[in-house]
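Peer 1: Quick one, fold the following:
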Amino acid sequence: MVKNNYDVIIVGAGPGGLRCAEVLAQSGKSVLVLEKNKIIGPKVCAGGLTLKDLDLGIPDSIIQRKFKKLTIRTKLQKSEIKSDKPFLATIKRIDLGRWMAGNTKKAGAEITLNTEVIKIKDNSVIVKGNKKVNFKHLIGADGSNSIVRKSLGLKTERFLQAFHYLPKKRFKEMELFIDPLSFGHYVWLFPHKNFASVGTGRDFSRNHLSCDKPLLELRKHLDCWCKDKFPVKNCEFQSAVINYDYKGYEFKNIFLVGDAAGFASGLTGEGIYNAIKSGEDVANKILNENYGCKNIVHILKVKKVEEELLRGLQINKVLSEVELELFVSLLKTKLIGGDVINIID
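Peer 2: Numbers count the residues shown, from 1 in each chain. Below is the predicted model of the structure:
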């Protein structure tokens with residue numbers, strides 16, 4: 001039963017919120033995680049993992065598949081990045097959520113489902129049904145449409161619109177098809193055990209240079225790309241917004257983690273690892289105000305490089321396409337394959 005007062009209330013039971021709750025509860029804090037959905041885990045997500053994600057201790061029992069090779073295609077050529085050991089994997093978000101929720105509950109945190117926060121005011125949250133719960137610290141881990149972020153008056157002006165099909169077909173290879181002129185970013189094909197995530201995305205930020213092609217046209221490009229692989233009419237289709245607009249994570253006794261803070265990659269849309277590590281850092285910051293949040297510092301450095309690269313791709317897509325073809329040609333020489341695996345990680 002939900003009490004009236006907690007040391008920490010976390011809004012959202014995604015990877016960032018659950019990891020944050022686990023660390024805080026292990027240190028003796030009273031922690032309540034509020035999740036608006038009826039179950040933990042489901043989210044529009046391709047489910048791709050890299051080595052750094054696997055190093056978080058995710059058990060093999062919930063991994064869908066692991067890969068020693070990544071195929072990269074362009075309109076003109078194909079290349080492969082290979083390793084002796086798996087460096088990529090796929091996972092279902094519902095499985096990751098259940099595993100992390102189990103760890104969080106074992107640590108002593110409370111998780112309440114089907115509980116939507118409707119208002120935040122004066123060190124308290126009001127949940128649906130007008131129940132008021134007080135906090136010493138509040139953490140927004142409630143994704144790209146975060147109510148905690150909105151309560152802080154932070155606008156979201158930079159975001160990706162991503163969508164994918166979920167064909168019930170087994171594919172052998174993990175694949176990226178890169179075509180800046182048609183897709184802005186790339187098409188991914190991430191095989192799971194009995195299905196795959198096949199999708200793309202584009203930056204649809206306000207006044208953004210890539211807004212010239214509407215979402216409907218982008219989906220038509222994806223449908224055309226998929227037509228020789230599977231019938232899209234028979235597939236589940238999902239869409240989501242990914243916030244990469246970072247404007248801070250610490251606001252007195254209120255914190256933001258994961259997509260709520262804009263820690264997702266503006267270049268790739270990847271966010272699982274950044275969510276988990278930012279949640280871990282915020283927990284340690286609450287426990288020790290002098291903690292340096294080294295993971296967040298690293299995340300922000302990587303984001304800066306990615307977003308500079310993203311701007312370059314958007315300014316001159318024709319030149320970017322030429323540079324891309326040169327880069328993929330270099331991959332065939334195997335001179336930079338190992339470095340690329342490190343970059344992916």
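Peer 1: My read is that L309 contacts S265, right?
Peer 2: No - look at L309 against S265 with C-beta atoms under 8 Å: they stay out of range, at 10.7 Å. For the C-beta atoms, the positions are set from N, CA and C on the backbone; glycine is no exception.
Peer 1: what sits against E116?
Peer 2: Counting by C-beta atoms under 8 Å, 6 or more residues apart in numbering, E116 touches L34, K36, V127, K128.
Peer 1: Sorry, slip of the keys, the one I care about is N103.
Peer 2: L18, E22.
Peer 1: how close does it get to E35?
Peer 2: According to C-beta to C-beta, to the nearest Å, N103 stands 15 Å off from E35.
Peer 1: now swap in K105 and tell me
Peer 2: 13 Å.
Peer 1: same question, I296
Peer 2: 23 Å.
Peer 1: Tell me which of those two has more neighbours.
Peer 2: Set I296 next to E35 and count neighbours by other C-beta atoms under 10 Å: E35 wins out with 26 against 22.
Peer 1: thinking again about what came up before, where do the contact lists of K105 and E35 overlap?
Peer 2: I111.
Peer 1: those helices in the chain, which residues are they?
Peer 2: Using DSSP state H, the helices found in the chain span residues 15-26, 51-54, 93-107, 147-151, 180-183, 215-226, 258-261, 272-287, 294-315, 317-332, 337-344.
Peer 1: With N114 as the reference, name the closest of those helices.
Peer 2: helix 93-107 (14.2 Å; C-beta to C-beta).
Peer 1: Who are the contact partners of the spatially closest residue to I91 that is not a sequence neighbour?
Peer 2: Nearest residue to I91, sequence neighbours excluded (C-beta to C-beta, 6 or more residues apart in numbering): G47, at 5.0 Å. Residues near G47 by C-beta under 8 Å, 6+ apart: Q64, T90, I91, K92, R93, F190, H192, S197.
Peer 1: Just give me the closest of the residues you listed to A260.
Peer 2: R93 (16.4 Å).
Peer 1: ok, the closest one to H192 distance?
Peer 2: From R93 to H192 the distance is 11 Å (C-beta to C-beta).
Peer 1: residues near V148, how many?
Peer 2: 26.
Peer 1: and it, what does it touch?
Peer 2: V11, V117, I120, L138, I139, G140, D142, I254, L256, A260.
Peer 1: how about 7 Å then?
Peer 2: With contact taken as C-beta atoms under 7 Å, 6 or more residues apart in numbering, V148 is in contact with V11, I120, L138, G140, D142, I254, L256, A260.
Peer 1: ok, the residue nearest to the third one when sequence neighbours are not counted to K121 distance?
Peer 2: If I follow you right, that is L138. Nearest residue to L138, sequence neighbours excluded (C-beta to C-beta, 6+ apart): I254, at 4.8 Å. Look at I254 and K121: by C-beta to C-beta, they are 12 Å apart.
Peer 1: of these two, who's got more company?
Peer 2: I254 (18 against 9).
Peer 1: who does the more buried one bridge with?
Peer 2: For I254, the beta-bridge partners are L138, F251 (DSSP bridges).
Peer 1: can you pull the contacts of it?
Peer 2: L138, V148, L152.
Peer 1: what would those look like in a markdown table with distance to F163 and pLDDT?
Peer 2: As requested, the contacts of I254 are exported to a markdown table (distance: C-beta to C-beta, whole Å; pLDDT from 0 to 100):
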| residue | distance to F163 | pLDDT |
| --- | --- | --- |
| L138 | 31 | 98 |
| V148 | 25 | 98 |
| L152 | 28 | 97 |
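Peer 1: which among those residues gets closest to P231?
Peer 2: V148 (41.0 Å).
Peer 1: Low-confidence regions, the stretch 101-250 of the chain specifically.
Peer 2: The stretch 101-250 of the chain contains residues with pLDDT under 70 at 184, 206-213.
Peer 1: Strands along that one, start to end?
Peer 2: 110-112, 117-120, 124-127, 131-140, 159-166, 174-178, 186-191, 196-203, 236-243, 250-251 (DSSP state E, counting those that start in this stretch).
Peer 1: quick check, distance from the longest one to the centre of its chain.
Peer 2: Right, the one you point to is strand 131-140. The chain centre lies 25 Å from the centre of strand 131-140; the measure is C-alpha atoms, centre = their mean, to the nearest Å.
Peer 1: what comes up buried for it?
Peer 2: By 16 or more other C-beta atoms under 10 Å, the buried positions in strand 131-140 come out as V133, F135, H137, L138, I139, G140.
Peer 1: and L309 and S265? which has more neighbours close in?
Peer 2: S265 (19 against 13).
Peer 1: for the more buried one, what are its contacts?
Peer 2: With C-beta under 7 Å, 6+ apart, S265 has these contacts: Y244, G271, K303, E306.
Peer 1: Counting neighbours, what do you get for the closest residue to F263 other than its chain neighbours?
Peer 2: Distance criterion C-beta to C-beta, 6+ apart; nearest residue to F263, sequence neighbours excluded, is N274 at 4.2 Å. Here the number of neighbours of N274 (other C-beta under 10 Å) works out to 28.
Peer 1: what residues are up against N274?
Peer 2: So N274 contacts G258, F263, A264, I299 (C-beta under 7 Å, 6+ apart).
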